[in-house]
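Undergrad: Quick check, what structure comes out for this input:
(one chain, ligands or ions: 1)
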Amino acid sequence: QYIRSLSSSAALHAIKHVTVIGGGLMGAGIAQVAASTGHSVVLVDTSEDILKKSAKGIETSLKRVAKKKFAEKPEDGEAFIQKVLKNVSTSSDAASIVQGTDLVVEAIVENLKVKQDLFGALDKVAPEHTIFASNTSSLQIADIASSTARLDRFGGLHFFNPVPMMKLVEVIKAPATSQQTFDALLEFSKALGKHPVSCKDTPGFIVNRLLVPYMMEAVRLHERGHGSKEDIDVAMRLGAGYPMGPFELLDYVGLDTSKFIIDGWHAMDPDNPLFGTSPLLNKLVSEGKLGKKTGEGFYKYK
Ligand code: 3HC
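TA: As a prediction, the model looks like this:
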């Protein structure tokens, strides 16, 4: 046991230095939460423009957190914001950043090949002990990890939007993920102040496997003419206690993301009625109406 734990370099390193790859909403949220909990974080993206937007988004979100957390003492809130901002920097050079990192969390585009290429390249330059994790919402962790030689130090960390508010992290143990790596990811999630749940490397893990078919059922119900969007949303908010109705949530998550997930599952299992596609969703995406982020989805936003 002693020798086994000594040989496990991953288990001997507490996660302090974190690299988050992908400056979108999820990546920025993960970077913000890690920085807020005392980790030193570098947020990486190939686009400087996106990094500027993410830094601005982090600051705006931190102000919202501080307003709530330090309602009685705004000056403490300002000190909190400054302290957190000191913990996070940005870079467009992933290869040099990962050399000093304990954990890489990837939150880039949901494209298997792009993720495999990224991790394959980082695997060559990252230290032995560095753990790799993907925030994928619907791809298999084992498929992403297959481009690396660190299958034992590779797992999933799936966060929820908005990351600073949502308490859950799904921690995914792929068949080759070592127990030490899995434990380190659980500990890291707790250190972020989140509540981790253990997931197998199955499509959609727990939340999306239940949530996406539910949201698609709502769209189909509406397509059949059995309820207006507004009534379905009110019904699920007031009748089932959901903070948002399914159409509001689809707009919030992004219609492109939702379509990508359901299309992938439909291709994998075309006879499963839970994985059926929707003409209405497809139409909105083809018109560029992707939800809140583009100003219009099922609803219009100012
Ligand atoms: N950053 C910081 N604080 C935030 C925030 C953010 N991004 N969003 C909300 N808040 C806080 C702020 O304190 C805000 O107060 P403020 O407006 O004065 O700043 C407070 O929350 C209240 O926010 P709102 O008035 O906008 O509305 P709500 O009370 O309804 O809360 C919500 C917003 C937390 C988003 C809530 O509606 C909710 O829980 N919605 C469901 C979200 C959900 O289901 N997410 C999971 C999606 S699935 C997913 O992400 C997986 C992926 O793989 C697809």
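Undergrad: so what's residue 156 bridging to?
TA: residue 134, residue 172 (DSSP bridges).
Undergrad: Tell me the secondary structure at residue 162.
TA: coil (DSSP: H, G, I helix; E, B strand; the rest coil).
Undergrad: Distance-wise, check it relative to the ligand.
TA: 3 Å (CB to the nearest ligand atom, to the nearest Å). Where you see a C-beta, it was placed from the backbone N, CA and C, and this is true even at glycine.
Undergrad: Quick check: which element contains the residue nearest to that residue when sequence neighbours are not counted?
TA: Of all residues not flanking residue 162 in the chain, residue 29 sits nearest, at 6.2 Å (CB to CB, 6 or more residues apart in numbering). If you go by DSSP states H and E, residue 29 is part of helix 25-36.
Undergrad: elements contacting that helix?
TA: Here helix 25-36 touches strand 17-21, strand 40-44, helix 48-69, helix 74-86, strand 88-91, going by 3 or more CB pairs under 8 Å, 6 or more residues apart in numbering; DSSP states H and E.
Undergrad: got any ranges where this structure has weak pLDDT?
TA: Applying pLDDT under 70 to the chain flags the ranges 1-13.
Undergrad: rerun that using 50 as the cut-off
TA: 1-11 (pLDDT under 50).
Undergrad: Name the residues of it found near the ligand, please.
TA: 61, 64-65, 68, 137, 160-162, 164-166, 208, 211, 243-244, 249, 253, 257 (CB under 6 Å from any ligand atom).
Undergrad: Can you verify my assumption that the residue nearest to residue 162 contacts residue 160?
TA: No: here residue 29 lies out of contact with residue 160, judged by CB atoms under 8 Å, at a distance of 9.1 Å.
Undergrad: Of the helices and strands packed on helix 25-36, which stretch is the most buried?
TA: Of the helices and strands packed on helix 25-36, the one with the most neighbours on average (mean count of other CB atoms under 10 Å) is strand 17-21, at a mean of 25.
Undergrad: for the stretch 101-250 of the chain, what spans make up the strands?
TA: For the stretch 101-250 of the chain, the strands defined by DSSP state E, counting those that start in this stretch occupy 103-106, 131-134, 154-158, 168-173, 195-200.
Undergrad: quick one: contacts for the residue nearest to residue 162?
TA: 61, 159, 161-164 (CB atoms under 8 Å, 6 or more residues apart in numbering).
Undergrad: One more: residue 298?
TA: 229, 247-248, 250-251, 255, 284, 291.
Undergrad: which two in these are spaced the farthest apart?
TA: 248 and 284 (14.2 Å; CB to CB).
Undergrad: Tell me which residue in the stretch 201-302 of the chain sits closest to the ligand.
TA: Residue nearest to the ligand within the stretch 201-302 of the chain: residue 243 (3.7 Å; CB to the nearest ligand atom).
Undergrad: Does that residue touch residue 233 like I think?
TA: No: Residue 243 is not in contact with residue 233 according to CB under 8 Å; the separation is 11.0 Å.
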